[in-house]
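Chemist: here is my input; please provide its structure:
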Amino acid sequence: MSAWKLAMVALACWVGTAFAGEDLLSSYRSALSNDADYGAAIATNEAGREEEAKGRAGLLPTISISGIRTNNDTTQTSQTVFGARSQDYEYTAKNYSLNLRQPLFRLYNWAAYRQGQAKARYSDAVFVGARQDLAVRLASAYFDVLLAHDNVELAHAQKAAITEQLSQARKLFKGGEGTLTDVDEAQARFDMAAAQELEALNNLEIARRALERILGKESGKLSFLLPEKLELKNPMPADMEQWVEWARQGNPEVLAQQYNLEAAAQEVAKARADHFPTVDLIASRTKSDSDTNTSINSRYDTHAVGVQLSIPLFAGGYPSANVRQGEANRRRAEQQLEAALRKATLDTRKEFLNVSNSVAQVKAYQQAVLSNENALYSTRKGFEVGLRTNVDILNAQQQLYTAKRDLAKSRYTYILSWLKLKAAVGSLAEEDIVHVNSWLTVSPP
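Modeler: The predicted structure follows:
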C-alpha cells in the first residue's frame, strides 16, 4: 500500500474514534482561558477601566513632599576704606517642604472625570462584545469540525456505494448483460468520489486546526449533534422589529459607540474649559535651617494656606483650535454610532430571517432525504427488472448524499443563526451555550 493511502487510512481511523467526549460547553470554557484574542480583550478591558480612576484623580488633592540638604562653602568679598576684605562661610543648609493642592473650581478636571467614566463604560461594552464574539467563533469552529466530519462520513459512504455499483457493472459487462458505458460511468463516479473523500478529509483537518487556534490546544474528542434533541423553534416574539429594538438598546457595539460619543462630548468640554479660570486651595509647611549665608544658624518654620486664582488671557489660539478639533471628533463619533446602529439592525434582521428560514430548511431537507431514499430504493428495484440503468442508480445515490449533506449543514446553520441573533441583541450568555450543548451526544448518532 502506498504512503498516501496509509495516511488516508490512518486519518480515516482517527475520524471514527476521535469524536466522543469534549462537548461544546467544555470547549467554550477552555477557550475562555486559552483564546489569545479573548485574552487580549481581558487585558484591554482592565486597562480601559482605569480611565475612571485617572479622571477621578483630577478632583482629589495632590500632596507632595520635598527636601534638600547642601553643604555650602561661600567666600564673601567686599570693598572697604582699607581695601578688599574677604570672609569665608562654611555651613550646611536644609530645607523641607510639605505641599497640598486641592482643586476648587476646575471645569477641565470635571470634564476629564466624566470622560473617564465614559471610557470605562466603553471598555466594558467592548469586552462584552468580545466575550459574545468568542462564543460565536467557538461554536462556528466547533460545528465546522462536526460538519467536516459529516462530509467525510458521507463521502466515504458514497464511495462505498459507487464501488459496489462499479463492481456490479463490471460483472454484468463480463456476463454480456451490461455495457462498457455503464462501467465507464461508474468508474468516473468512483474517481470523483475518491477525490471528494480526500478533499473532505483535508477540510476536516483544516477545521480541526481552526478550532485548536481558539482552544489553544489540540481539540481532542468532540461530541456529536443528536438530531432528535435539536429544538427547531422560530424566534419569539415573531416580531422582527421587536428584536431590532432590543438590538438598538443592548447590542455591545451600539453601547460602546454611545459611550464613545459621550467621551467625545467631554473632550469638547475639556477644550472649552481652557477658557475658564481655575481656583485651587493651596497649603504648605516649610522648615529650613541656614537657608542662605545671611541666615546661618537660623531656623524657620512656615505655615501657609491660601487660594490661588489663575485666569487665562491668551494662548496663541490653541484653546479655540482644540475646541474645533473636539467638535469634529464628536461629529465623527456621532456617525460611528449611527453606523453601529445600522449594522446592529442589519445583523439582527439577517439572523432573524436565517433562524426562521433554517427551521423550514431543516424540515424540507429532512423530507428531501426521505424522498431520495425512496427514490433510490425504487430505482434499484427498477434496475432489477430492467426499467432503470446503472447510471440511474448512481444519479439517485448522488442526490441522496447531496440531500444528507445539505440537511447536516442546515442544522448547524440553524444553531449558529440562533447564537448570532442572541449576540446581535446583546443577550448571548453561557446559558445559551449550555442549552445548545444539551443537543449533543458523546457518540455518533
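
Chemist: what is the longest strand seen in the chain packed up against?
Modeler: The longest strand of the chain (DSSP state E) is strand 83-105. Where contact means 3 or more C-beta pairs under 8 Å, 6 or more residues apart in numbering; DSSP states H and E, strand 83-105 is packed against strand 62-80, strand 278-289. In short, each C-beta sits where N, CA and C put it, glycine included.

Chemist: can you redo the ones you listed as CSV with mean pLDDT and mean neighbour count?
Modeler: Shown next, in CSV, are the helices and strands packed on strand 83-105 (pLDDT from 0 to 100; neighbours: other C-beta atoms under 10 Å):
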stretch, mean pLDDT, mean neighbour count
strand 62-80, 86, 10
strand 278-289, 93, 16
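
Chemist: of the ones you listed, which is nearest Lys404?
Modeler: strand 62-80 (72.0 Å; C-beta to C-beta).

Chemist: tell me which residues are up against the closest one.
Modeler: By C-beta atoms under 8 Å, 6 or more residues apart in numbering, the surrounding residues in contact with strand 62-80 are 84-101, 293.

Chemist: what about Asp301, which SS state?
Modeler: Secondary structure, DSSP: H, G, I helix; E, B strand; the rest coil: Asp301 is strand.

Chemist: can I assume it is in contact with Asp289?
Modeler: No - using C-beta atoms under 8 Å, Asp301 makes no contact with Asp289, being 10.1 Å away.

Chemist: pick out the residue nearest the middle of this protein.
Modeler: In the chain, the residue lying closest to the centroid (C-alpha atoms, centre = their mean) is Ala130, at 3.3 Å.

Chemist: right, and that one touches Ala43 too?
Modeler: No - using C-beta under 8 Å, Ala130 is not in contact with Ala43, being 11.0 Å away.

Chemist: and the closest residue to the residue nearest to the centre of the chain other than its chain neighbours, what is it in contact with?
Modeler: In space, Ala130 comes closest to Ala41 once its chain neighbours are excluded; the distance is 3.6 Å by C-beta to C-beta, 6 or more residues apart in numbering. Contact partners of Ala41, counting by C-beta under 8 Å, 6+ apart, are Val126, Phe127, Ala130, Arg131.

Chemist: returning to what we had before: in PyMOL, select just the buried ones from the contacts of strand 62-80.
Modeler: The buried subset of the contacts of strand 62-80, as determined by 16 or more other C-beta atoms under 10 Å, is captured in PyMOL by this line:
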select buried, resi 91+93+95+97
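
Chemist: could I get the average pLDDT for stretch 261-270?
Modeler: Looking at stretch 261-270 alone, the average pLDDT works out to 97.

Chemist: quick one: contacts of that stretch?
Modeler: With C-beta under 8 Å, 6+ apart, stretch 261-270 has contacts from 107-108, 111-112, 114-115, 118-119, 121-122, 323, 326-327, 329-330, 332-334, 336-337.

Chemist: what about these, which are in strands?
Modeler: Going by DSSP E, the strands hold none of the contacts of stretch 261-270.

Chemist: which of the residues you listed fall within helices?
Modeler: Residues from the contacts of stretch 261-270 lying in helices, with DSSP state H as the criterion: 107-108, 111-112, 114-115, 118-119, 121-122, 323, 326-327, 329-330, 332-334, 336-337.

Chemist: and Ala36, which of the helices and strands packed on strand 83-105 is closest to it?
Modeler: Closest of those to Ala36 is strand 62-80, at 39.4 Å (criterion: C-beta to C-beta).

Chemist: alpha carbons of the closest one, as CSV, please.
Modeler: Included here for strand 62-80 are C-alpha records, laid out as CSV according to Å, rounded to 0.1, in the frame of the first residue of the first chain:
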residue,chain,number,x,y,z
THR,A,62,-2.3,66.3,45.4
ILE,A,63,0.2,66.1,48.2
SER,A,64,4.0,66.3,47.7
ILE,A,65,7.0,66.5,50.0
SER,A,66,10.4,67.8,49.0
GLY,A,67,13.7,68.3,50.8
ILE,A,68,17.1,69.5,50.1
ARG,A,69,20.4,69.4,52.1
THR,A,70,23.5,71.1,50.9
ASN,A,71,27.0,71.7,52.2
ASN,A,72,28.0,75.3,51.3
ASP,A,73,31.4,77.0,51.1
THR,A,74,30.9,80.7,50.4
THR,A,75,33.6,83.4,50.1
GLN,A,76,32.3,86.9,50.5
THR,A,77,34.5,89.8,49.2
SER,A,78,33.6,93.4,50.0
GLN,A,79,35.3,96.7,49.5
THR,A,80,36.2,98.9,52.5
